[in-house]
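> The following comprises the amino acid sequence and a computationally predicted model.
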Amino acid sequence: MAKQLQTLGEFIIENQQAFPYSSGELSRLINSIRLAAKVVNHEVNKAGLVDITGPAGATNVQGEDQQKLDVYAHEKFIQTLTNREIVCGIASEENDDFITIKGSHGDHQNKYVVLMDPLDGSSNIDVNVSVGTIFSVYRRVTPLGTPVQLEDFLQPGHQQVAAGYIVYGTSTMLVYTTGCGVNGFTLNPALGSWYLSHPNMRYPEDGRIYSVNEGNYIHFPQGIKDYIKYCQEEEEDRPYTSRYIGSLVSDFHRNMIKGGIYMYPPSSKAPNGKLRLLYECNPMAFIAEQAGGKASDGKRRVMDIEPTELHQRVPFYCGSKNMVDKVEEFLARY
C-alpha cells in the first residue's frame, strides 16, 4: 500500500516545537498564506479564460507596469492575512508604503509583519510560464499596542522567523522554512489540500546550471562577464547549461532541485541590480541557506545587509554554495 502523504496542517502541528515562538501563531500565519495561495492559484490557472491577463493600466512604486494578476494577488494576500488576527503590518512590492493593520478590537497587539512579492514574474502570465509568490515574516521590534513602524520592516534577513514561496506551475507548490530546514508541499487541486512532497530540500553543493539574463551581458561588471565565459568553457565538468525563465521563483526552484546559480548582477543600467532586498532577496537567501546553499551580493552575505529603505535593491547571487563562492572569487579580482 502506498504511504499516505502528510498534509501541511499535520506537518505544522508535528513540528511546532521547532518554532521558537507560539505554535498557534505560526499555524495561523502559514494557514492564511496557503489559503490565499489557493485562491490566487485558481485565478492563475484560468487566466486565459477570463479577463485577468495583461496590464492593469497603472505602475507600481518601482515604475513597473502592474499586471491585473499583480493587483489581484496583492489584494487577496492582504485580505487573507488581515483576517487571521496575526499580522500587524504588511509591505508589498505593489505598495509605496507599508500597510498598518489593527486587530479586531482596534488595537495593535499582533506580533508579526509580512513582506511579500504577491506575483513574481507576472509578465510571464500571458505566455503560460510559471510565476510565483514570495513572502518573508519577522517579529515586530516596536512595542506591542503601538502602530507598526518602518523599523519593524527594516530588519536584516537573519532576523526572519519564516520565509517561503509558492510556485504556480505544472503543479502548485508551497516551499517554506522557519529556520529548521526547507520543506515543499504540493497542492492537490481536487481536494484543496497541500501534501508534503519534497521533505528536507537541499541544494547540491555543486551545480551545472547558471541563470542570468545574458541579454544584459554588455552592461555587466567585468567579473560577471568573466564568470559567464568560465561557465561556457569546454572543460571536464563544463560547459554549464544556461537556463533563465525570468521568474525568480521558478529559476530558484529549479536550481535548488537540480543544482545551479541564479544571478542578477548590477549593471550600467541598474547600478544596484533589480531585485528588492526585503521581499525578494532576503526570503530567498533564508531558504537557500536552510537548504545548504548560499546567497551573496557579490561581497557579503545577503542576510547581513542592514536595510535602509523599504524597496531597496541589491545585486543577488544565490544557489549551490560552490558556484556562489566561485562568482565571489571572480568579482574579487576587480
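Nice, I can see it.
> Sort out which residues of stretch 246-266 are buried, please.
247-256, 259-266 (16 or more other C-beta atoms under 10 Å). (Each C-beta comes from the backbone N, C-alpha and C, glycine too.)
> Stretch 170-177 too?
Across stretch 170-177, burial judged by 16+ other C-beta under 10 Å covers 172-177.
> Which two among those residues are spaced furthest apart?
Thr172 and Thr177 (18.4 Å; C-beta to C-beta).
> Secondary structure element holding the residue positioned nearest the centre of the chain?
Residue closest to the mean C-alpha point of the chain, counted by C-alpha atoms, centre = their mean, is Ile134 at 3.3 Å. Ile134 belongs to strand 131-139 when assigned by DSSP states H and E.
> Who is Phe185 paired with across the strands?
On the basis of DSSP bridges, Phe185 is bridged to Leu174, Leu196.
> how close does it get to Leu174?
5 Å (C-beta to C-beta, to the nearest Å).
> Can you work out which residues contact both of the two?
Both Phe185 and Leu174 are contacted by 8, 34, 194, under the criterion C-beta atoms under 8 Å, 6 or more residues apart in numbering.
> The helix or strand harbouring Leu119 vs strand 131-139, what angle?
According to DSSP H and E, Leu119 maps onto strand 112-120. Calculated by axes from the mean of the first three to the mean of the last three C-alpha atoms, to 10 degrees, strand 112-120 forms an angle of 170 degrees with strand 131-139.
> what is the mean pLDDT for strand 112-120?
Mean per-residue pLDDT for strand 112-120: 94.
> how about the helices in the stretch 51-200 of the chain?
68-83, 150-153 (DSSP state H, counting those that start in this stretch).
> Which among the ones you listed is found nearest to Ser130?
It's helix 68-83; of the helices of the stretch 51-200 of the chain, that one is closest to Ser130 (C-beta to C-beta) at 13.1 Å.
> For the closest one, buried residues please.
Applying 16+ other C-beta under 10 Å to helix 68-83 flags 68-74, 76-78, 80-82 as buried.
> got JSON lines for those, with pLDDT and distance to Glu309 too?
Formatted as JSON lines, those follow (pLDDT from 0 to 100; distance: C-beta to C-beta, whole Å):
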{"residue": "Lys68", "pLDDT": "76", "distance to Glu309": "28"}
{"residue": "Leu69", "pLDDT": "78", "distance to Glu309": "26"}
{"residue": "Asp70", "pLDDT": "78", "distance to Glu309": "21"}
{"residue": "Val71", "pLDDT": "84", "distance to Glu309": "23"}
{"residue": "Tyr72", "pLDDT": "83", "distance to Glu309": "27"}
{"residue": "Ala73", "pLDDT": "86", "distance to Glu309": "23"}
{"residue": "His74", "pLDDT": "88", "distance to Glu309": "20"}
{"residue": "Lys76", "pLDDT": "89", "distance to Glu309": "26"}
{"residue": "Phe77", "pLDDT": "90", "distance to Glu309": "22"}
{"residue": "Ile78", "pLDDT": "91", "distance to Glu309": "21"}
{"residue": "Thr80", "pLDDT": "89", "distance to Glu309": "27"}
{"residue": "Leu81", "pLDDT": "89", "distance to Glu309": "22"}
{"residue": "Thr82", "pLDDT": "88", "distance to Glu309": "24"}
